[in-house]
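1. coordinates only, sequence not included:
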Ligand code: BYC
């Protein structure tokens, strides 16, 4: 349904911004030149390699935000585990939510290789300084929302994340390969759950349509602001972190999703959505960017609730962390004694 292929071509604008500016510090010139050569040759930068501070900072920003999105993303769906309509759906949902937790862990680990501790990242999240995806600040009102999150939210995530498998930073790229394989299952289970509901009663079909109406525009905003208002894009693409621009990914997602909506029998809630023969793409209506920025800046319907839930989970889990540390200390002491 969504390609697992990693040979997705770079966005048109990527080739124009490949060269990395040389460092102004003469001491760094040789290392910078080597870094530039690796980037220009589409090679990988590894944790022990020299990298410009701005590259490191950009990666920590993006990877930690991504990790936070995964673990906050567990909450809207976790809300439905105890109310899943059958044992089969419950088992699938538990596995999916658990996968999201795992994605968070791979990503925190990847960010740690850049010299940022997990405690620092959690502190940024819990104090409200860190961002996470806007999409998770909306409520899941009905069971159909769980299917729509799989179909559309995970669908949008895959579209964004497949190119990240070729990101220039090795640990991030490698983490994304496994994440994308799992996201693909998530997207399919969502579509299949919705397909089942669409073959059910008129009430079930209406529930699916209502969920699609509420989530569609929010999913389009997930790809980030329009390219012209995206301050990080040019540099991110120059460094081979981002491969395809926000607008190009959004367009790819729309073009891929329209035929899926037809198969499902739902209407996408955009009267301006139509195929443009000349462009070879679908035209679409205006995204509400004021709403997007309000949500990103803390004013979405669920921002406070999501953060409070994460902080509570962190505080409630303190004894587990303490016990694990005490156990590790004891094991270390025993190993030292045995070695002596
Ligand atoms: N929500 O210059 P831009 C998932 C921020 S997990 C909130 O274009 P960039 C899933 C952006 O951070 C989904 N903030 O930035 C999990 C920047 O602010 P800062 C998460 C957003 O980095 C569980 C500012 O706006 N996926 O799918 O070049 C269950 C300007 O933007 C958003 C990832 O994180 C947003 N939607 O591009 C199911 C993928 N969009 O940092 C599903 C990795 C933008 O300057 N991340 N902002 O203060 C990326 O690919 C890129 O970081 C983005 C943004 C495309 C998101």
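-> Happy to help now that I have it. A quick note: this is a predicted structure, and the numbers were derived from the prediction, not measured. Residues are numbered from 1 along each chain as shown.

2. Now the residue in the stretch 151-300 of the chain that the ligand sits nearest to: which helix or strand?
-> Relative to the ligand, the nearest point of the stretch 151-300 of the chain is residue 157 (2.9 Å; C-beta to the nearest ligand atom). Placement of C-beta: from N, CA and C, glycine included. Using DSSP states H and E, residue 157 sits within helix 154-161.

3. Hey, what's the angle from the helix or strand following that helix to helix 154-161? Just curious.
-> For helix 154-161, the succeeding helix or strand toward the C-terminus, using DSSP H and E, is helix 170-198. Orientation check (axes from the mean of the first three to the mean of the last three C-alpha atoms, to 10 degrees): helix 170-198 against helix 154-161 gives 160 degrees.

4. where's helix 170-198 relative to the chain centroid, distance-wise?
-> Averaging C-alpha positions (C-alpha atoms, centre = their mean, to the nearest Å) puts helix 170-198 11 Å from its chain's average.

5. Does anything pack onto it? Which helices or strands?
-> With contacts defined as 3 or more C-beta pairs under 8 Å, 6 or more residues apart in numbering; DSSP states H and E, the packing partners of helix 170-198 are helix 87-112, helix 143-148, helix 154-161, helix 202-221, helix 246-264.

6. Is that helix positioned near the ligand?
-> No: residues of helix 170-198 are not located near the ligand by C-beta under 6 Å from any ligand atom, the shortest gap being 6.6 Å.

7. Between helix 246-264 and that helix, find me the angle.
-> Orientation of helix 170-198 against helix 246-264 (the same axes, to 10 degrees) gives an angle of 30 degrees.

8. What residues sit buried inside helix 170-198?
-> Residues 170-173, 175-177, 179-180, 182-184, 186-191, 193-195, 197-198 are the ones in helix 170-198 that count as buried (16 or more other C-beta atoms under 10 Å).

9. what's the angle from that helix to helix 202-221?
-> 160 degrees.

10. report the angle between the axes of helix 170-198 and helix 87-112?
-> For helix 170-198 against helix 87-112, the angle by the same axes, to 10 degrees is 160 degrees.

11. Adjust the sequence numbering to begin at 639 for everything that follows.
-> Fine by me, first position is 639 from now on; the one you just mentioned is helix 808-836.

12. Could I get the average pLDDT for helix 808-836?
-> On average, the pLDDT along helix 808-836 is 96.

13. Run through the protein and note the low-pLDDT ranges.
-> Applying pLDDT under 70 to the chain picks out residues 639-663.

14. ok, now with 90
-> 639-667, 978 (pLDDT under 90).

15. Which positions in it make contact with the ligand?
-> By C-beta under 6 Å from any ligand atom, the part of the chain that sits against the ligand consists of 699-700, 703-704, 707-708, 711, 738, 769, 771-772, 791-792, 795, 798, 860-863, 868-871, 874, 880, 884, 934.

16. Residue 913 in helix, strand or coil?
-> What DSSP: H, G, I helix; E, B strand; the rest coil gives for residue 913 is strand.

17. Would you mind listing the residues in contact with it?
-> 896, 919-921 (C-beta atoms under 8 Å, 6 or more residues apart in numbering).

18. picking that back up, make JSON lines from the helices and strands packed on helix 808-836 and add mean neighbour count to it.
-> Shown next, in JSON lines, are the helices and strands packed on helix 808-836 (neighbours: other C-beta atoms under 10 Å):
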{"stretch": "helix 725-750", "mean neighbour count": "18"}
{"stretch": "helix 781-786", "mean neighbour count": "25"}
{"stretch": "helix 792-799", "mean neighbour count": "25"}
{"stretch": "helix 840-859", "mean neighbour count": "19"}
{"stretch": "helix 884-902", "mean neighbour count": "18"}
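
19. I'd like those helices as TSV, with distance to residue 970 appended.
-> Listed next are these as TSV, based on distance: least, C-beta to C-beta, whole Å:
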stretch	distance to residue 970
helix 725-750	20
helix 781-786	43
helix 792-799	37
helix 840-859	47
helix 884-902	46
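
20. Of all these, which one is nearest residue 945?
-> Proximity to residue 945 (C-beta to C-beta) singles out helix 725-750 among these, at 15.4 Å.

21. Give me the distance between residue 883 and residue 802.
-> 13 Å (C-beta to C-beta, to the nearest Å).

22. Ignore what I typed, I meant residue 763.
-> Distance from residue 763 to residue 802, by C-beta to C-beta: 20 Å.

23. ditto for residue 955
-> 29 Å.

24. Give me the phi and psi angles of residue 699.
-> Note on residue 699: backbone dihedrals following degrees, to the nearest 10 are phi -60, psi -50.

25. before we move on, the earlier item: do you know which of the helices and strands packed on helix 808-836 lies nearest residue 678?
-> helix 884-902 (21.4 Å).

26. can you list contacts of the closest one?
-> So helix 884-902 is contacted by 639-640, 649-651, 789-790, 793-794, 797-798, 801, 829, 832-833, 836, 846, 850, 857-858, 861-865, 868, 871, 882, 905-906, 911, 913, 919-920, 922 (C-beta under 8 Å, 6+ apart).
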